[in-house]
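[1] Need coordinates for the below:
(chains A, B, C and D)
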4 protein chains.
Amino acid sequence: MKNVLGDNLTLTLFGESHGEEIGAVLDGFTPGVKVDLDFIDKCMKLRRPNGKTDTCRIEKDEYKIISGIFNGYTTGAPICMIIPNKNCNSNAYNDLVGIARPSHADYAAYMKYHGYEDYRGGGHFSGRITAPIVGLGSLCLKALNDKGIKIGTHIYKCGNAQDTEFKDFDKEIDLINNKEIPVINNIEGKLEEEILKAKDNNDSIGGIIETAITNLPAGVGEPWFSSVEGKISNAIFSIGGVKGIEFGLGFGFSEKIGSNANDEFVLNNGQIETKTNNNGGINGGITNGMPITFKCAIKPTPSIGLKQNTVDFKNNKEVELEIKGRHDPAIIRRICIVITCITAITVCDMLISRFGVDYLK
Amino acid sequence: MKNVLGDNLTLTLFGESHGEEIGAVLDGFTPGVKVDLDFIDKCMKLRRPNGKTDTCRIEKDEYKIISGIFNGYTTGAPICMIIPNKNCNSNAYNDLVGIARPSHADYAAYMKYHGYEDYRGGGHFSGRITAPIVGLGSLCLKALNDKGIKIGTHIYKCGNAQDTEFKDFDKEIDLINNKEIPVINNIEGKLEEEILKAKDNNDSIGGIIETAITNLPAGVGEPWFSSVEGKISNAIFSIGGVKGIEFGLGFGFSEKIGSNANDEFVLNNGQIETKTNNNGGINGGITNGMPITFKCAIKPTPSIGLKQNTVDFKNNKEVELEIKGRHDPAIIRRICIVITCITAITVCDMLISRFGVDYLK
Amino acid sequence: MKNVLGDNLTLTLFGESHGEEIGAVLDGFTPGVKVDLDFIDKCMKLRRPNGKTDTCRIEKDEYKIISGIFNGYTTGAPICMIIPNKNCNSNAYNDLVGIARPSHADYAAYMKYHGYEDYRGGGHFSGRITAPIVGLGSLCLKALNDKGIKIGTHIYKCGNAQDTEFKDFDKEIDLINNKEIPVINNIEGKLEEEILKAKDNNDSIGGIIETAITNLPAGVGEPWFSSVEGKISNAIFSIGGVKGIEFGLGFGFSEKIGSNANDEFVLNNGQIETKTNNNGGINGGITNGMPITFKCAIKPTPSIGLKQNTVDFKNNKEVELEIKGRHDPAIIRRICIVITCITAITVCDMLISRFGVDYLK
Amino acid sequence: MKNVLGDNLTLTLFGESHGEEIGAVLDGFTPGVKVDLDFIDKCMKLRRPNGKTDTCRIEKDEYKIISGIFNGYTTGAPICMIIPNKNCNSNAYNDLVGIARPSHADYAAYMKYHGYEDYRGGGHFSGRITAPIVGLGSLCLKALNDKGIKIGTHIYKCGNAQDTEFKDFDKEIDLINNKEIPVINNIEGKLEEEILKAKDNNDSIGGIIETAITNLPAGVGEPWFSSVEGKISNAIFSIGGVKGIEFGLGFGFSEKIGSNANDEFVLNNGQIETKTNNNGGINGGITNGMPITFKCAIKPTPSIGLKQNTVDFKNNKEVELEIKGRHDPAIIRRICIVITCITAITVCDMLISRFGVDYLK
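    You can find the predicted model right below:
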C-alpha cells in the first residue's frame, strides 16, 4: 500500500511540506506501554535542523498526540500524531511550477498525478514528512529499549570523514543516540568541515550510514517474502535520499570466498553465537540472535544553490534553474534518527507478527 | 505476508527441496495474455545447473501448469505451476540433523519452527524453490516484452572477472538473455576459471550482478511505502544469497557531490530524459522514464566441502562439519534469471496496481 | 488490518469519543477530483443528531482537511480529515469504570486491552468515530455521482413503520439523499412515533435499512475472497449496531425454489439485463450490471436509561446499572448516511482495483 | 486480494472445475501441529455428493498434501493440497458457450475476463473448488478442536423442514459433525422429501443454515475493520450460494427493543457470561466469551433442468436454455462442512493474529 507501512503494526503517513499540518497514525501497537514524551522530544530534536550544517528552515515540531494514549499509556487503539507546519515560505516555489528540479520527484510526480500534486516544497515527497515517522517511531524505539532491544545509526562516511563500524554494540549505540552528531569516533570536526565545504560551494554532499539492532531474539522474520532484509529494506527505501542498502558484509562479499565468508557457529558460555557476523544477524531471512547490521547509501541532497540545466515539463522546453529556498547541504546527520525510528517500527511489527500484540508490554 | 509476494498481482510459493513437488500460484494476472511455453522453457533452462560450474543435482523441472490457462491464454484466474522433485538424495542430510551449517538458515529455522522444519536439503529455504519463481516470472516477463518492456540481469563481477555496466540497454539485455552465461563482454573464460578455482578448492564464490528494466513509463510506483526501490528490494531479498542492493550509483554516491550527482533533465527529440542516470530511473520512489538499474551483492554459496567448525544445536555442543551433498560452487550464473523473473513479477504488479488488471493485454 | 479498510483505496481511522480530535486518512484516491465541500457538509449534517429523535450531544463537526487537497482538487496524496470533539462530558462515565454495559464493547475491550482502553463514551468504539467516515466517504460518493454511480440508504423498517423496497432506483436514491429522514414513502410520522415511544420509555429501538448502488459497470469484484458481497459486508459490519446483511432476496431465498428464484437474462433495447434482480446485482461475487441491493439489520441502541443488571468486571461482582449520559433512542436514521458513505469508499476501492487509480477522474 | 484469504494465516485457492487439478495453499500455520488424515478424510467425505439428494458427479477427491508436513506434523511452511479432477464431462458445456445461465457467474465473468475465462463447469467459479477449502480447513478445525474450540454447522431450514437453533452447544456440535445430514433434530426424512421433490421437478431448493463456534476466548477480533463479523462474513460470502448472514438475533433485532434485546452480564460460578446471547458472542467486533452464532441464507442452486429464457451474450440475442450436465438439486447439505471449514480457517487466523503463530500448538 502507498502510504501504509507494515503488516500487523501499521504506520499511515499524511501531509505536505507546506500544508497546514502533517502527521501519521500508528495502528496495532501493544496496549499498556508507558509513553515517555521526553524520549520522543529528544528524538524529534535530533531530526531538527541545527541551523549550521543543516537547512535554516527551523520548525519547532510542536506535535500533538490526539488519540490512542490514555492516562499516559498506550490503549491499543490507533495513535495519531499531528504536527503543524509553521515556518513555510511558499513564495520561493512559485517560480518553480513545471520546472523539474534535477534528481527531485517533481517530474515523476507530474507524470503520476497529472499536475494536481502540491508542488510547494516537495509537497508529500518532502523530507519534512519524516517528522511524524520520528515522532511515532521513537515511541516504538522506547518500547524496544524497555525490552532490552537497542537500535542506533551513525554516520559511517561523509566525504573524507570516516567512522569505524560498530564493534562494542550496546555501548556504541548508547553513545551515538546521545550525541547531536551521531558518530562513534571523534570525527565531528572533519565531518562539519566536509559539510560546510559543500555548503560554501552552494553544493551538497551524501555518504554512508550504518545501523545496528541488538538483542533481537533468534527466529524472527520469515523465509521468502517477509524476510528481515526485505521488510527493513522496503521501509528504509521509503526515506528520500537512500539509494542502497547492504546487510552485514553486503557488497564486501564479492571480495570473499565461502571459507572466509561463512559465519561459524560457536558456543559462548553455553549460548549459540557466530564467530564472525558477515551475514549481519540474518540467515535465510530470519534472525539468528546476532546483532542485525546494515549500511545505507545516502545521495547528496538534490537541492543545490548552483545553476543547473533542466526542463520545464509544462512547456516542454529546456531552462536554467537556480534553486532559492532553504535547504540542507547534507541530510546525513538528520537522517540517522529517521532510519533508526523507521527501523524501530519495522522491528516492532516483526515482533508483534511473531509473538502477538501483547509482546511489547 | 510470509510466502505471498505482491499487492494486486501475487505470487504464493510452496514446497521443500526434498518434498514430492514444489510450486507457486500467480494470482491477479491479466486475462487474455498468450502463454509462450517455449519462452518459459528457455528461462527454466537458464536456471538449471549446467553440471560444470554448478551443482550436479540436475532436475528436469518438468513443470505442469494446472490452472489459469485455457486454450493457450491466461484466463484471469490463479495460475498454478507444479514441479516434481525427482533427483533427491536425502541420505546426505540425515547426519546433519541439529548441525547448524554456517551461514545457512538451519539454526534460525530451528529457533522459529522449534525443530518441526523439514531440514532435508534446506527444506523450504532451498534455492530449489526458485524454480517456480522462474516458471511463473518468465510468463510475466514475456507479457512485459510484448509491451516493449525489457528486463535483463548479468554478472557484473565475480572474483577477478569483471563485466561493464549496461550502456546500450535494449541490445545488451537481448544479448545476455540469450547467453548461457549472462555477461555483456566476453569474460566467460575468466569467469569459469574463477568458479572452477573455488570448486577445486571445495570452496565457493559470490559476486555482484546488475539488472536493468527499460521502457517502463514514467509515473509508476508510489511515494513512501510502495516505492519502486522498496518493492523491488523486498522481492529481491527473498532470494537466498542476496545481501545488498543499490539503485543507480548506489554506494557510489558517497564519492560525489550534488552538482556532479544530480541528473539534469534534457529534451531529446522532444522527449524528456535525464543526461545521466545516477538515480537509476527512480525519483521519489517513482519511475521517471529512464532505465531502472540496480546491482545486487551475492554472497559465496554457504555450502562448501571444506571442514568447518560449528554447533550441534540439538545437543548444544561444538562439532566439526564436512558437508557432503551436491552443491553449487557459485550461484551467480543461475541467480541472474531468478532475479530477472522476480523483478518481472514485481514490475507487472506495479503496472497492474497503477493502470488496472487489463494493462498487460 | 485493524483500523485500515480497503485494498487499493484505504481508509485509516483514529480517535476516541472523548479525545481531543478524531479523524481518518483516505489514501490511494484518484488525483484531480474536484472537492465539493458543500456536498460533504450536507452529508455530515445528515449524520448529526437532530436533538429530537436522536441524542442531545450535538457536535458541530467543524472538520478540517489538512492534506491531500490543493487548489480545490485531490492531489493523489493521502487526504486527512480532523474533527475536534467539543461537547464531551466525561463525568457521566466515571462511575462506569469496570461496569460492563450490556451489549456494549466494554467487557470485550477490557479482555483485549487489559484495562488500558479509553472507556469514556465508548472510546475508540464510539459511534462518534463514524463522523470522519462520512466526511471522507462523502468525498468518494460525490466522485461516484459525477461518474453517474449513485448510492442511497433508507429506513426500511423500524417497529411498525414500514417502507417499501427500492423500485425506481435513481429517482428514489435522489429523493432519500435529500430528506432529513431517509424514507421512500411518507412514513416519517409513524417512524418518529416509534422512536419517541422508545425514548419516552427510556428504551431504544432498531430496525432494517436498505441500500442500493446503481450504474456500476458489470465485471467489477472478484471470485472467492474479494467478492462484492464479501468486501461490502466486511465494511458494513465495522459499523456498530449492524448484526446482519443480505444481498438481493437474501434470507427470502429460503421461501423460493430455483425456477422462481433465478434471474433470467433479457435484452432491453439491446442491453443485457435481468428480468428480476433477486441476486442483488451480483453473480459469483462480481457485478452483473443490475443495481446492487442489500439490507442490514440494526440492533436497538444498547444504551438505555432503564435499570439493568450486569457485572463489574474489575471487581468480579454483579451490580445494577443505570446509564445516564446522552444517547440515541435509535441510530437508524443517522446510520443511513454512514452506511452509504462506507459503501461509497468500498465501491471506489473496487473500481480503482479494477480499472486503475485514474478511473474516478 | 482475489484468491488469498486471511491476514496472518492465508489460504490461496486455485483450479477450475474441469482443469487437471485443483488445490489450495495454507500459509502461516502453527508449526508442530499433528496432522490427522482420518479427520480430513471424514470432512472431505461430508462434502462429497451422496448421489441421492446431491449431484451424481462423484469425485473420489484423492488429495495429496505436497508440502508443509514432515514426519506427520506441520512444519510452519506453506501447506499445499492438490486434488485431481477425474470425473469431468466437458461435452455438456460446449453448447453453453456464450449462454448466460441465469443466476450463474457466466455473464459477469465474461464482462470481467473478456471471454478468456474457462467456462467449462463454471471454471474457477465452480463449487468444486470448495474441496481444498474443506481439505485444509479441516486441518485448521482439528487444531482448534485440540484446543477445545468447536465449530459446527447444521441445516436450520429447507422448505418446510425446520430444525431448532443451537442450545446445548458442544453436545449438538459433536452430534451434527458426525451425521451425514447435519441436523440437530430428526428431520432427515422431511428434509430428503423436500430436496427430492425439487429434484423430481427438475428444480432446486435452498434454505438457511446455522453455525456456532464455542470456547473462543474473550478479547479476540478488532474494532472497526477487522471485526469478527466482518472477517467471518467476508470469508463466508466467498462460498457460492450464500446471499445473507446474520449474527446472533440478526434480522430478529427488528422485533425487539433495547430492554429485551440487550444481553445482561451475569456471574456463573465466578465466570462472566451473558444471560442471553442475542449478540452472538460479539460486542464491538470482539468476542465476549459466549458462543459465536450466525445464520446464512443459501439460495436455491441456480442449475435447474427446467427450460429457462436467457441471453446469448456472444451473439447478443435472447435464447432458450435447457441445462443438461449433472447438478445438485440442493447444496444445503454439502455446504455445511464448507462453511464450518472456512470458518475454522478464519478463526485460526484471528487467534494467530492475536496471540502469535505458536498459539495453536
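
[2] got the contact list for A:Phe294?
    A:Phe294 is in contact with A:Glu210, A:Thr211, A:Glu229, A:Ile232, A:Ile236, A:Ile245, A:Glu246, A:Phe247, A:Gly248, A:Gly250, A:Gly280, counting by C-beta atoms under 8 Å, 6 or more residues apart in numbering or on different chains. From N, CA and C alone the C-beta is placed, and that goes for glycine too.

[3] is it in a bridge, and if so with what?
    Judged by DSSP bridges, the bridge partners of A:Phe294 are A:Thr211, A:Phe247.

[4] I'd like the distance between it and chain D.
    Taking C-beta to the nearest C-beta, to the nearest Å as the measure, A:Phe294 falls 25 Å from chain D.

[5] what helix or strand does A:Ile345 sit in?
    helix A:332-355 (DSSP states H and E).

[6] And that helix, what's buried?
    Buried residues in helix A:332-355, counting neighbours by 16 or more other C-beta atoms under 10 Å in any protein chain shown, are found at A:332-355.

[7] One more: stretch A:79-98?
    Applying 16+ other C-beta under 10 Å to stretch A:79-98 flags A:Ile79, A:Cys80, A:Met81, A:Ile82, A:Ile83, A:Pro84, A:Asn85, A:Cys88, A:Tyr93, A:Leu96, A:Gly98 as buried.

[8] Tell me if the helix holding A:Ile345 is near chain D.
    Yes - applying C-beta under 8 Å from any C-beta of the partner chain, one finds that helix A:332-355 is in contact with chain D at A:Ser353, A:Arg354, A:Phe355.

[9] In a markdown table, list those along with pLDDT and distance to B:Phe169.
    Compiled in a markdown table, the residues of helix A:332-355 next to chain D are given as follows (pLDDT from 0 to 100; distance: C-beta to C-beta, whole Å):
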| residue | pLDDT | distance to B:Phe169 |
| --- | --- | --- |
| A:Ser353 | 96 | 39 |
| A:Arg354 | 96 | 42 |
| A:Phe355 | 97 | 46 |
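
[10] which of the residues you listed lies closest to chain C?
    A:Ser353 (12.0 Å; C-beta to the nearest C-beta).

[11] That closest one against A:Asn8, yeah?
    Yes - between A:Ser353 and A:Asn8 there is a contact under C-beta atoms under 8 Å: 4.7 Å.

[12] which residues are common contacts for the two?
    Common contacts of A:Ser353 and A:Asn8 (C-beta under 8 Å, 6+ apart): D:Asn8.

[13] how about the residues of the stretch 151-300 of chain A that lie near chain D?
    Residues of the stretch 151-300 of chain A lying near chain D by C-beta under 8 Å from any C-beta: A:Pro223.

[14] Now the closest residue to A:Lys324 other than its chain neighbours: which helix or strand?
    Once flanking residues are discounted, A:Lys324 sits nearest to A:Ala92: 4.7 Å by C-beta to C-beta, 6 or more residues apart in numbering or on different chains. Element membership for A:Ala92 (DSSP H and E) is helix A:91-94.

[15] I'd like the mean pLDDT over the helix or strand following that helix, please.
    Past helix A:91-94, further along toward the C-terminus, the next helix or strand under DSSP H and E is helix A:106-113. Regarding helix A:106-113, the rounded mean pLDDT is 98.

[16] so what secondary structure elements neighbour helix A:106-113?
    Contact analysis of helix A:106-113 by 3 or more C-beta pairs under 8 Å, 6 or more residues apart in numbering or on different chains; DSSP states H and E lists strand B:282-283, strand B:286-287 as its packing neighbours.

[17] Now render those as JSON lines, adding mean neighbour count.
    Formatted as JSON lines, the helices and strands packed on helix A:106-113 follow (neighbours: other C-beta atoms under 10 Å in any protein chain shown):
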{"stretch": "strand B:282-283", "mean neighbour count": "28"}
{"stretch": "strand B:286-287", "mean neighbour count": "26"}
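
[18] For chain D, give me its nearest residue in chain A.
    Counting by C-beta to the nearest C-beta, chain A gets nearest chain D through A:Gly356, at 3.7 Å.

[19] dump the residue contacts of the residue nearest to that residue when sequence neighbours are not counted.
    In space, and not counting its chain neighbours, A:Gly356 is closest to D:Gly356: 3.7 Å by C-beta to C-beta, 6+ apart. Residues near D:Gly356 by C-beta under 8 Å, 6+ apart: A:Arg354, A:Phe355, A:Gly356, A:Tyr359.

[20] switch the cut-off to 10 Å
    Contacts for D:Gly356 (C-beta atoms under 10 Å, 6 or more residues apart in numbering or on different chains) come out as A:Leu351, A:Ile352, A:Ser353, A:Arg354, A:Phe355, A:Gly356, A:Val357, A:Asp358, A:Tyr359, D:Asn8, D:Thr30.

[21] I'd like the distance between the closest residue to the last one other than its chain neighbours and A:Ile304.
    Counting by C-beta to C-beta, 6+ apart, D:Leu360 is the residue found nearest to D:Thr30 once chain neighbours are left out, at 3.9 Å. Here the distance between D:Leu360 and A:Ile304 works out to 57 Å (C-beta to C-beta, to the nearest Å).

[22] more crowded one of those two?
    Comparing D:Leu360 with A:Ile304 by other C-beta atoms under 10 Å in any protein chain shown, the one with more neighbours is A:Ile304, at 26 against 23.

[23] does that one really touch A:Ser204, like I thought?
    Yes - using C-beta atoms under 10 Å, A:Ile304 is in contact with A:Ser204, at 5.1 Å.
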